[in-house]
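In: 3D, please:
(one chain, ligands or ions: 1)
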Amino acid sequence: MVRLAEFHRRATENLAAEDPEIFRLLEREMRRQADTLAMVAACSTAPPSVLACAGSALGNVTAEGYPGARFHAGCEVADDVERLAVARARELFGADYANVQPHSGSSANLAVLFSLLEPGDTVLGMDLDAGGHLTHGSPASVTGRYFRTVGYGVGPDGFIDYHEVAELARRVRPKLIVCGASSYPRTIDFARFREIADGCGAWLLADISHIAGLVAAGEHPDPVPYAHVTTTSTYKQLYGPRGGLILSGPDAARPGPGGRGTLAGALQRAVFPRAQGTPDLAGVAAKARAFAAASTGAFRALALRLRLDARQLAVELVDRGQGLVTGGTDNHLVLIDVGAKGYTGVVVERALEECGIIVNKNRIVGDTRPAHVTSGIRLGTNTLALRGMGPADMAACADLFCRAVEAVEQLGDTDYRLPAPARDGVRAAVARLCRDFPLPGYPA
Ligand SMILES: *Cc1c(COP(=O)(O)O)cnc(C)c1O
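Out: Got it, this is the predicted structure:
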């Protein structure tokens, strides 16, 4: 214990002495995270204990294969680490099968799709503009090139129209349906999706990258009993390291694709040797740490708070005249239609960044602007809640957001001016909030 702590202390000191350039960048980034108000839906701030694992000597271990069946010697500790991570993931999500090796959420999805499908098979996934992810069949992704992809959208109210999805599934007979999203603020009915998948004999993949923390804490319906396979990235709502996770519930034991072996066996081969080589064992240890943290009462309280924060943030924004896609939220995510007020997403994003508020531009349903401009802004409460902010603090956040936006003078699609007095006022208020609600474990 003392030796490891000493190792990390010296490593940091050595870095400062040997490479001041990169050391200063690391310091600057830590400061930036502490001093800005991150309202980004697709990230969280990992506790220092997770980062300690991710930067550990386990990263030196080359361990192709799985625990007990490696292609390299010297893996006894690595095996214990990976077994622990798998056990914790299964426990956290009540899953029968877990694979902790995917390097990212995208890698996890690709491994699943390429193991369950043949090139040219039909995939039914959510349209990118409706909130889906690139790997759900977008033409910009390899998934859109190797499979025949059909997208489902949302109804005029912004909600998934399950009748329409069912109708579409009956018509196109997909081999696999993807549910789950990157910018969908509402509850997803996984049981309904399974009914639709069963109706056309399709596999169901639930991608819970954005809502994995809410699912783990019981704050969002659980896909694991319904989807054949569930995937997630581990750095978003699980407050873990960069990486991905594949889970399977009761279907893990059923026959795999083409009736061969089991689904679990197919998923295991899908990651290694099909899609990846050596796993990142330091990352796997960091995942194990994050899974343990996510199974505590403190995490469940955090998940509840971040959901209530988002709900309140939505109310406060509507009160201040902002238009929200679907009018509100059930999860951590609030999607604002800034186009309705004549702004573009990119201009609002940049103006807020100048004030120390970090958000991201996002296309919304029916968006007429390209992806680097957009008409929407996506907010999330993962880091606000981690800082200890509760629903009562959301009025202040909504105020700062609106003050900055209302001060913006939009000069063109991507050009704007933010008058210095308004900017400085919001900046000072952001700095005060960050001081009052420091990131746990990070230097204030
Ligand atoms: C972020 C995200 C991913 C991709 O995860 P990466 O780890 O960034 O590759 C996949 N699916 C959904 C729904 C996401 O939001």
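
In: can you list the residues of the stretch 101-250 of the chain near the ligand?
Out: 104-106, 109, 133, 135, 180-182, 207, 209-210, 233, 244 (Cβ under 6 Å from any ligand atom). For the C-beta atoms, the positions are set from N, CA and C on the backbone; glycine is no exception.

In: ranking the residues you listed by neighbours, who comes first?
Out: Asp207 (31 neighbours; other Cβ atoms under 10 Å).

In: Skip the chain neighbours and tell me the closest residue to it.
Out: Gly180 (3.4 Å; Cβ to Cβ, 6 or more residues apart in numbering).

In: Next up, the contacts around the one you found.
Out: Residues near Gly180 by Cβ atoms under 8 Å, 6 or more residues apart in numbering: 126, 133, 136, 188, 205-211, 223, 231.

In: residue contacts, whichever residue of the stretch 251-400 of the chain sits closest to the ligand?
Out: Closest contact between the stretch 251-400 of the chain and the ligand, by Cβ to the nearest ligand atom, is at Leu333 (10.1 Å). Residues near Leu333 by Cβ under 8 Å, 6+ apart: Ala41, Ser183, Tyr184, Pro185, His210, Ala310, Arg378, Leu379, Gly380.

In: Quick one: neighbours of the second one, just the number.
Out: Using other Cβ under 10 Å as the criterion, Ser183 is surrounded by 25 other residues.

In: Same question for Glu91.
Out: 13.

In: pLDDT value on it, please?
Out: Confidence at Glu91, expressed as pLDDT, is 98.

In: nearest spatial neighbour of it, skipping sequence neighbours?
Out: Closest residue to Glu91 apart from its sequence neighbours, by Cβ to Cβ, 6+ apart: Ser295 at 6.6 Å.

In: Now do the contacts for Val100.
Out: By Cβ under 8 Å, 6+ apart, the neighbours of Val100 are Glu82, Ala85, Val86, Ala89, Gly243, Leu245, Pro279, Val284, Lys287, Ala288.

In: you'd agree the first one is up against Pro67?
Out: Same thing as Glu82. Yes: in this structure, Glu82 is within contact of Pro67 by Cβ atoms under 8 Å, at 5.0 Å.

In: Name the residue in these two with the higher neighbour count.
Out: Glu82 (26 against 17).

In: Report the separation between the more buried one and Pro279.
Out: 7 Å (Cβ to Cβ, to the nearest Å).

In: Residues that sit against both of these two, list them.
Out: With Cβ under 8 Å, 6+ apart, Glu82 and Pro279 have common neighbours Ala63, Val100, Gln101.

In: Give me the phi and psi angles of the second one.
Out: Translated: Val100. phi -100, psi 10 (degrees, to the nearest 10).

In: ok, now which ones touch the residue lying closest to it once chain neighbours are set aside?
Out: Nearest non-adjacent residue to Val100, counting by Cβ to Cβ, 6+ apart: Ala85, 4.4 Å away. By Cβ under 8 Å, 6+ apart, the contact list for Ala85 reads Ala98, Val100, Val284, Ala285, Lys287, Ala288, Phe291.

In: OK, contacts around the residue nearest to Arg369 when sequence neighbours are not counted?
Out: Closest residue in space to Arg369, ignoring its immediate chain neighbours: Ser375 at 5.3 Å, by Cβ to Cβ, 6+ apart. By Cβ under 8 Å, 6+ apart, the residues touching Ser375 are Asp337, Val338, Gly339, Ala340, Thr344, Gly345, Arg363, Ile364, Asp367, Thr368, Arg369.
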